[in-house]
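>>> pasting a predicted model and its sequence here:
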Amino acid sequence: MQRLVALHARIFTALETHLAPVLLPTLARFLFVAALFLYYWNAGLTKLGEGFTGLFRLEPGAYVQILPRAVEAVGYDPSALGPLARSVVLLGTWSEFLLPILIAVGLFTRLAALGMTGFVLVQTWVDVTGHGAALGQFFDRHADGLIDIRAFWVFPLILLVLKGAGPLSLDAWLARRQTPSAALTPASQPR
């Protein structure tokens, strides 16, 4: 029995030591891109105005999506919301493009994943309080509630915050470029 336990420990220690650091963050980024990249990209596109200036002049629907109750309170006239609301909607829209791109290429991944986690939490709050979506609950027999689905969205993001982007990323490439070669370290220089 001790041999079986030792074999089990050797196998899974090797997997945890050698495979997990590569597989987990790479798989988390892949799953985010495969499941959510186009979702957020298309959501961002629905908010942009026409042409290049559309990056700064958003469609009225952008305000309805992000600040539904505030827009309703001003009779669906986004110009009546003021500069703070405009900034919130503009930054939220840009986040739908920028944060997924950063996660996809693995650049500033921990910050992007943290920002995306916050984005999903705020999005969920807006969906429930502003659009009337049912949140659902954990530990029921239904796996299709908003809270269940969004928990699965957030899990790979939290993994990326904690583990980073992994070796197949721009973060790793930049870190390798910043690491001085062994020939230039003080210990290896002649005295």
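Here it is on my side, so go on. Numbering: from 1, shown residues only.
>>> ok, residues contacting whichever helix in the chain runs longest?
Among the elements of the chain assigned as helix by DSSP state H, the one spanning the most residues is helix 83-105. Contacts of helix 83-105 from elsewhere in the structure, counted by CB atoms under 8 Å, 6 or more residues apart in numbering, are 29, 32-33, 36-37, 40-41, 43-44, 47-48, 55-56, 58, 62-63, 66-67, 70, 78, 108-109, 111-113, 115-116, 119, 122, 157, 160, 165, 169-170. C-beta: built from backbone N, CA, C; applies to glycine.
>>> shaky segments in this protein?
For the chain, the stretches with pLDDT under 70 are 180-191.
>>> please redo it, this time with the cut-off set to 50
Scanning the chain with the threshold set as pLDDT under 50 gives 182-184, 188-191.
>>> from Asp127, how far out is Ile147?
11 Å (CB to CB, to the nearest Å).
>>> between the two, who's got more neighbours?
The residue with more neighbours, out of Ile147 and Asp127, is Asp127; 17 against 14, by other CB atoms under 10 Å.
>>> surely the more buried one is in contact with Ala134?
No. Counting by CB atoms under 8 Å, Asp127 sits too far from Ala134 to count as a contact (9.4 Å).
>>> so what sits against both of the two?
Counting by CB under 8 Å, 6+ apart, the residues touching both Asp127 and Ala134 are Leu146.
>>> assign a three-state SS to His142, would you?
In three-state terms, and counting by DSSP: H, G, I helix; E, B strand; the rest coil, His142 is coil.
>>> and the spatially closest residue to it that is not a sequence neighbour, helix, strand or coil?
Distances taken as CB to CB, 6 or more residues apart in numbering place Gly136 nearest to His142, at 6.6 Å, with adjacent residues excluded. Taking three-state DSSP as the rule, one finds Gly136 in the coil state.
>>> give me the phi and psi for Gly136.
Backbone torsions for Gly136, taken as degrees, to the nearest 10, come to phi 80, psi -170.
>>> how many residues are close by Ala113?
With neighbours defined by other CB under 10 Å, the count for Ala113 comes to 28.
>>> again with Leu84
Once other CB under 10 Å is used to define contacts, Leu84 is seen to have 8 neighbours.
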